[in-house]
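K.L.:
no letters, just coordinates:
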């Protein structure tokens, strides 16, 4: 196993690890990846990946619009809002 | 002596107790929160109209299946207008404006929610120590070290402790790799994980969507059957909800099996286990053998790969499911100069250590260059594990295993993640295969702590599984 680039992985996960914790997480991650590495011993060339364990067909529906009018309810949990919008810092100049 | 749902309903019907008196009895105990089993206790004023309506139904002799029964709800189920946190800082201010499918069924059947039970953060843990609101204390004590506080197991640790301490009649939990069965075992109660696809995941804070399943933690098998009757329904809003015909799980619960049944005991599960654990299996075998039940030694070939498979798939799904917590639309937002800063700061400060660790594992195994080697390989091995179970379930009707490799341990005892993950060695394989499993109390360890055994049944065969569990419960006659 190659070394784990903890900065890259944490950025992929949109996390900014404090510097003093980077090593802690890097070691922990390395230990766990080593531990799960035993799966590589198994020959799975002829095996299909399993996505849905009970073989039931996932249900699909027609794409129909239903109006619930829940704007106020949805926005009631917003950390910051402006009228009927979620408020965020300026994204484009 | 704790009363079952049927017994309580009889008292309510006979008017020897009112719905309000019943509620107050449990509410008072919950309010003490002496084991930190609750993140929130519902105000009595909020429940008052439900209590009155329930009483009216009893007065008119048209009570509902769970009428007036005080329940705990794991703080992972969205409850309309009631704070739902997943025991995480990032959701510590979240008030859902909808009710989860499962809790809606329980409300439709007349039950009353005492409060939201503490759990591991985002259900990630086996000891309830990862909760942002602090650990839950197991109501049981080691008789040789009575001053030590023990873990209740996890992630549904608050649910298990609440039922064990008697502050609710039953609690709703969720199980991804053992999160109902393991805490039930460590707290001396019954815990049922139904077949994947039985109970809707709609409105449950998602951890690993191909594994998550709701189920009850109860004082007895019959109570589990009552709750299952309420929650086991097809739901269009969960794309993995199964549309099969459901049974009545209470009816015929104590009926004898029509023909001889076979139970497999996996010899590979019993290697290296302690005498205490071995005794549980031997004892169950002894008492059940008197009932035209044959025990057969079976052996899995995939057990040693189950935890590795789980600790690739579950974190991968978690890292993707938890991408939604970004501090924009709900949850706690941390300050940031630009949008990316808000995401990074809110997530980094909002998630605890274990959740962060699992998100990192997930991001790693899904990242370019590693996807095939880890994630895809784990999905293939998952099929081999499922095939392994199907092979064994051709020869036997049920499988009997210990629920956990050990009794409840001290809070703070298991610090490294891998030794914590190994707690779920007997429950994870069943979860990966999607099969139903029930843990029932089987006896006490030499330290006087409860231990459990797990019965595993075939897909959607919860009725037979609960019949067997009810028989074993009666025969083992486990009392506090």
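P.N.:
Ah, there it is. Keep in mind it's a predicted model, so treat the numbers as computed, not measured.

K.L.:
alpha carbons only for contacts and neighbour counts from here, please
P.N.:
Noted.

K.L.:
need the contact list for the most centrally placed residue in chain A.
P.N.:
Most central residue of chain A, judged by C-alpha distance to the mean C-alpha position with CA atoms, centre = their mean, is residue A:13 at 6.9 Å. If a contact means CA atoms under 8 Å, 6 or more residues apart in numbering or on different chains, then residue A:13 has B:319, B:323, B:359-360, B:363 as its contacts.

K.L.:
which of these are close to chain A?
P.N.:
The overlap between these and the neighbours of chain A (CA under 8 Å from any CA of the partner chain) comes to B:319, B:323, B:359-360, B:363.

K.L.:
before we move on, back to that, the residue nearest to the centre of chain A and residue B:80: what is the separation?
P.N.:
As judged by CA to CA, to the nearest Å, residue A:13 and residue B:80 stand 30 Å apart.

K.L.:
re the thing from before, and the gap between the residue nearest to the centre of chain A and residue B:320?
P.N.:
As defined by CA to CA, residue A:13 lies at a distance of 9 Å from residue B:320.

K.L.:
how about the backbone phi and psi for the residue nearest to the spatial centre of chain B?
P.N.:
The centre of chain B sits closest to residue B:180, judged by CA atoms, centre = their mean, with a distance of 2.0 Å. Residue B:180 adopts backbone torsions of phi -100, psi -50, taken as degrees, to the nearest 10.

K.L.:
repeat that for residue B:28.
P.N.:
phi -60, psi -40.

K.L.:
what's the local residue count around the residue lying closest to it once chain neighbours are set aside?
P.N.:
In space, not counting the residues next to it along the chain, residue B:28 is nearest to residue B:167; the distance is 7.9 Å by CA to CA, 6 or more residues apart in numbering or on different chains. A count of neighbours around residue B:167, defined by other CA atoms under 10 Å in any protein chain shown, yields 28.

K.L.:
how about the one 10 residues further on?
P.N.:
Other residues lying near residue B:177 total 32 when counted by other CA under 10 Å.

K.L.:
identify the residue nearest it in space, chain neighbours excluded?
P.N.:
With CA to CA, 6+ apart as the measure, residue B:428 is the residue that lies nearest to residue B:177, at 4.5 Å, once sequence neighbours are left out.

K.L.:
neighbours of that neighbour, how many?
P.N.:
25.

K.L.:
how close does it sit to residue B:175?
P.N.:
10 Å.

K.L.:
please report phi then psi for residue B:472.
P.N.:
Taking degrees, to the nearest 10, you get phi -60, psi -40 for the backbone angles of residue B:472.

K.L.:
how about it, what does it touch?
P.N.:
Residue B:472 makes contact with B:284, B:287-288 under the criterion CA under 8 Å, 6+ apart.

K.L.:
please redo it, this time with the cut-off set to 7 Å
P.N.:
When contacts are counted by CA atoms under 7 Å, 6 or more residues apart in numbering or on different chains, residue B:472 touches residue B:288.

K.L.:
now the one 5 residues further on
P.N.:
For residue B:477, no residue meets the contact criterion (CA under 7 Å, 6+ apart).

K.L.:
quick check: pLDDT value at residue A:1.
P.N.:
As predicted, residue A:1 sits at a pLDDT of 51.

K.L.:
and if you look at residue A:62?
P.N.:
According to the prediction, residue A:62 has pLDDT 86.

K.L.:
quick check: residue B:405 touching residue B:422?
P.N.:
No: proximity of residue B:405 to residue B:422 does not meet the contact threshold set by CA atoms under 7 Å, at 8.3 Å.

K.L.:
the more surrounded of the two?
P.N.:
With neighbours defined as other CA under 10 Å, residue B:405 and residue B:422 compare such that residue B:405 has more, 22 against 14.

K.L.:
now that one: how far from residue B:304?
P.N.:
14 Å.

K.L.:
again, but for residue B:415
P.N.:
As defined by CA to CA, residue B:415 lies at a distance of 22 Å from residue B:304.

K.L.:
the more surrounded of those two?
P.N.:
Comparing residue B:415 with residue B:304 by neighbour count (other CA under 10 Å), the higher total belongs to residue B:304, at 15 against 9.

K.L.:
count the neighbours of residue A:85 for me.
P.N.:
Other residues within reach of residue A:85 by the criterion other CA under 10 Å amount to 12.

K.L.:
quick one: pLDDT of the residue lying closest to it once chain neighbours are set aside?
P.N.:
Spatial nearest neighbour of residue A:85, chain neighbours left out: residue A:75 (7.7 Å); criterion: CA to CA, 6+ apart. Per-residue confidence (pLDDT) for residue A:75: 96.

K.L.:
count of neighbours near residue A:75?
P.N.:
Taking other CA under 10 Å as the neighbour definition, residue A:75 ends up with a count of 18.

K.L.:
farthest from the middle of chain B: give me that residue.
P.N.:
Checked against the mean C-alpha position of chain B, the extreme residue using CA atoms, centre = their mean is residue B:337, at a distance of 41.1 Å.

K.L.:
which parts of the stretch 51-200 of chain B are strands?
P.N.:
For the stretch 51-200 of chain B, the strands identified by DSSP state E, counting those that start in this stretch occupy B:70-74, B:112-117, B:170-175, B:190-193, in order along the chain.

K.L.:
what does the stretch 51-200 of chain B put close to chain A?
P.N.:
With CA under 7 Å from any CA of the partner chain as the criterion, the stretch 51-200 of chain B meets chain A at residues B:94-95, B:97.

K.L.:
just the ones of those residues in helices?
P.N.:
Residues from these lying in helices, with DSSP state H as the criterion: none.

K.L.:
same list, these, but as JSON lines with neighbour count please.
P.N.:
Compiled in JSON lines, those are given as follows (neighbours: other CA atoms under 10 Å in any protein chain shown):
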{"residue": "B:94", "neighbour count": "21"}
{"residue": "B:95", "neighbour count": "21"}
{"residue": "B:97", "neighbour count": "17"}
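
K.L.:
let me know the pLDDT of the closest residue to residue B:135 other than its chain neighbours.
P.N.:
What sits nearest to residue B:135 in space, not counting adjacent residues and going by CA to CA, 6+ apart, is residue B:129, at 4.5 Å. Among the per-residue scores, residue B:129 holds a pLDDT of 97.

K.L.:
same question, the one 10 residues further on
P.N.:
Per-residue confidence (pLDDT) for residue B:139: 98.

K.L.:
quick check: the gap between residue B:457 and residue B:106.
P.N.:
For residue B:457, the distance to residue B:106 equals 25 Å [CA to CA].

K.L.:
neighbour count for those two, which is higher?
P.N.:
The residue with more neighbours, out of residue B:457 and residue B:106 and counting by other CA under 10 Å, is residue B:457; that gives 27 against 23.

K.L.:
and residue B:118, how far from chain A?
P.N.:
22 Å (CA to the nearest CA, to the nearest Å).

K.L.:
what parts of chain A come near chain B?
P.N.:
Counting by CA under 7 Å from any CA, chain A sits next to chain B at A:9-10, A:12-17, A:25, A:29, A:36, A:39, A:44, A:47-50, A:52-54, A:56, A:58-59, A:73, A:77-79, A:86, A:88-89, A:91.

K.L.:
among those, name the buried ones.
P.N.:
If you count burial by 16 or more other CA atoms under 10 Å in any protein chain shown, the buried members of the residues of chain A next to chain B come out as A:9-10, A:13-17, A:25, A:29, A:36, A:39, A:44, A:49-50, A:52-54, A:77-79, A:88.

K.L.:
so which of the residues you listed are in helices?
P.N.:
Using DSSP H, A:9-10, A:25, A:29, A:36 are the members of these that sit in helices.

K.L.:
sorry, back to before: let me see the backbone angles for the residue nearest to residue B:177.
P.N.:
Here the main-chain torsion angles of residue B:428 (degrees, to the nearest 10) amount to phi -60, psi -40.
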